[in-house]
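Trainee: the following comprises the amino acid sequence and a computationally predicted model.
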Amino acid sequence: MYRVVIPARMDSTRLPGKMLLDVGGVPLVIRTALQAKKSSALSVVVATDDIDIFKVCETYKINAVMTNINHQSGTERIAEVVSKLGYNDNEYIVNVQGDEPLIDHMLIDNLSEFIINKKTQIATITHNITSTDEINNPNIVKVVLDKNSNALYFSRYAIPYNRDNDTLDINRNIYLRHIGIYAYTVGFLKEYVKMSVSKIEQIEKLEQLRILYHGYDIAVMKTDIVPHAGVDTMDDLVHVRSFYSKSLV
């Protein structure tokens, strides 16, 4: 069994205050939590440094924990929560980003099963990219894997770089989109907070690169479930609002 923790902060630069923006009459972060509660998780908790987010969670009866404002990543914020709540080192935590109001609950369950069966400390998910626009979109994170399906590197850049051909080959399952959902053991999270921040994570603005920099394997599960995009931009928000407006008709 496993638990879900949802890191949620207010200081988004691309879409300020997005966690509390209205999505079909409900704040965005609450939509995410409600999706997560459809999974088989033992519990769903929002980890936040913002009192307004905390109060909104209380209003909707979503468990929330206040955390330090100085965390460098969502993973650090989750590590504080598992420490405060006294979770056992052998328990599994799934990190669902707070800006994923369309997250498929099956992805959450599948990732938890994957990390438990693999007997590894960290795992995440990827999906085949089928569009050159997605390959070249810096808001879509790409990942390259080794032969054991562990991550070699994550980037906003089009990796692997196709040096000899101007036409990107999207037909051989080489280009993989990273889906920003992670699973960890509680024991690993306690080690994570001891790791120094890496230059590559600061440059790419990708927190998972700290894990690779410090020599840990990240097991990557491939899925055929086509994921909805998270909410990073106003266009993303318009798409999500449209989805919920249709579902409420």
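Mentor: Ah, there it is. Numbering: from 1, shown residues only.
Trainee: rest of the way, CA atoms for contacts and neighbours
Mentor: OK.
Trainee: beta-bridge partners for R3, please?
Mentor: Counting by DSSP bridges, R3 is bridged to I93.
Trainee: tell me, how many residues neighbour it?
Mentor: Per other C-alpha atoms under 10 Å, the neighbour tally for R3 reads 22.
Trainee: start the count at 449 instead of 1 going forward.
Mentor: I'll keep to 449 as the first residue from here, and by that count the last item is R451.
Trainee: identify the single longest strand in the chain, thanks.
Mentor: Assignment by DSSP state E gives strand 624-633 as the longest strand of the chain.
Trainee: helices or strands up against that strand?
Mentor: Strand 624-633 sits against strand 540-544, helix 553-566, strand 570-576, strand 590-593, with contacts defined as 3 or more C-alpha pairs under 8 Å, 6 or more residues apart in numbering; DSSP states H and E.
Trainee: any chance of the ones you listed in TSV, plus distance to Y630, mean neighbour count and mean pLDDT?
Mentor: As requested, the helices and strands packed on strand 624-633 are exported to TSV (distance: least, C-alpha to C-alpha, whole Å; neighbours: other C-alpha atoms under 10 Å; pLDDT from 0 to 100):
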stretch	distance to Y630	mean neighbour count	mean pLDDT
strand 540-544	5	25	98
helix 553-566	8	18	96
strand 570-576	5	23	96
strand 590-593	14	22	96
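Trainee: quick check: which of these is nearest to T671?
Mentor: Closest to T671 of the helices and strands packed on strand 624-633, according to C-alpha to C-alpha: strand 570-576, at 5.6 Å.
Trainee: off-centre distance for the closest one?
Mentor: The chain centre lies 10 Å from the centre of strand 570-576; the measure is C-alpha atoms, centre = their mean, to the nearest Å.
Trainee: mean confidence for the helix or strand that it is followed by?
Mentor: Sequence-wise, the next helix or strand downstream of strand 570-576 (DSSP states H and E) is helix 580-583. Per-residue pLDDT values over helix 580-583 give a mean of 87.
Trainee: re the thing from before, got JSON lines for the helices and strands packed on strand 624-633, with distance to D672 too?
Mentor: Listed next are the helices and strands packed on strand 624-633 as JSON lines, based on distance: least, C-alpha to C-alpha, whole Å:
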{"stretch": "strand 540-544", "distance to D672": "19"}
{"stretch": "helix 553-566", "distance to D672": "10"}
{"stretch": "strand 570-576", "distance to D672": "7"}
{"stretch": "strand 590-593", "distance to D672": "16"}
